[in-house]
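Enquirer: Give the three-dimensional model of this entry:
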Amino acid sequence: METSSNINLKSDNENEIIEKVKENVEQKFKELNTNQVRNFYSKIVEIRLEYSKNKDINKIKLKLTLLKPLLAYAAGRHPKNVKKFASFIFPMINDIVKEQDKSDFTQKLEKFFIAIESFVAYHKYYSKEKN
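Expert: From the prediction side, this is the model:
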């Protein structure tokens, strides 16, 4: 899968992340199905809730890692659109999961949540699928 994420969770600030997500959604993800985005986002909300209750980094890393096969399965079912989405998300997940420093992990995770929330919002705005 080609890597299309140009988001650096370590060095990009929140505004840069939001702007990069906007550009990516506008250019690459207008065709992505809203249900596919919602399904993925619901998993992110679960992870965020889990992290707010219990700061167990290893558990969160596992849950993030498990998103990858979930996305791979969806990409297998809908290769045209979901593969691009997976290649956008995978580098961010990999970056968070490999982080050993607790402070950097927390910072990257929070920025990831911002990126995903921004993705959902901009996808709704730019989507060709109007409900």
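Enquirer: top helix in this protein by residue count?
Expert: Assignment by DSSP state H gives helix 102-126 as the longest helix of the chain.
Enquirer: Output the below-cut-off pLDDT ranges for this structure.
Expert: Scanning the chain for pLDDT under 70 picks out 1-5, 129-131.
Enquirer: quick one: the helices in it?
Expert: 14-28, 34-53, 57-77, 79-97, 102-126.
Enquirer: could you redo these as a markdown table and give each row mean neighbour count and distance to Asn8?
Expert: Glycine gets a C-beta too; all of them are placed from N, C-alpha and C. Conversion of these to a markdown table gives the following (neighbours: other C-beta atoms under 10 Å; distance: least, C-beta to C-beta, whole Å):
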| stretch | mean neighbour count | distance to Asn8 |
| --- | --- | --- |
| helix 14-28 | 16 | 8 |
| helix 34-53 | 14 | 19 |
| helix 57-77 | 15 | 17 |
| helix 79-97 | 19 | 8 |
| helix 102-126 | 17 | 9 |
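Enquirer: Which among these is found nearest to Asn6?
Expert: Asn6 lies closest to helix 14-28 among the helices of the chain, at 5.9 Å (C-beta to C-beta).
Enquirer: related to what we said a few turns ago, which residues touch the longest helix of the chain?
Expert: Applying C-beta atoms under 8 Å, 6 or more residues apart in numbering, the contact partners of helix 102-126 are 7, 9-10, 12, 14, 17-18, 21-22, 24-26, 29-30, 32, 34, 37-38, 40-41, 44, 48, 51, 57, 60, 92-93, 95-96, 99.
Enquirer: again, but for stretch 8-18
Expert: By C-beta under 8 Å, 6+ apart, the residues outside stretch 8-18 that reach it are 7, 20, 92, 95-96, 104, 107-108, 111-112, 114-115, 118.
Enquirer: go again using 7 Å as the cut-off
Expert: Residues from elsewhere that reach stretch 8-18 (C-beta atoms under 7 Å, 6 or more residues apart in numbering): 7, 20, 92, 95-96, 104, 108, 111-112, 114-115, 118.
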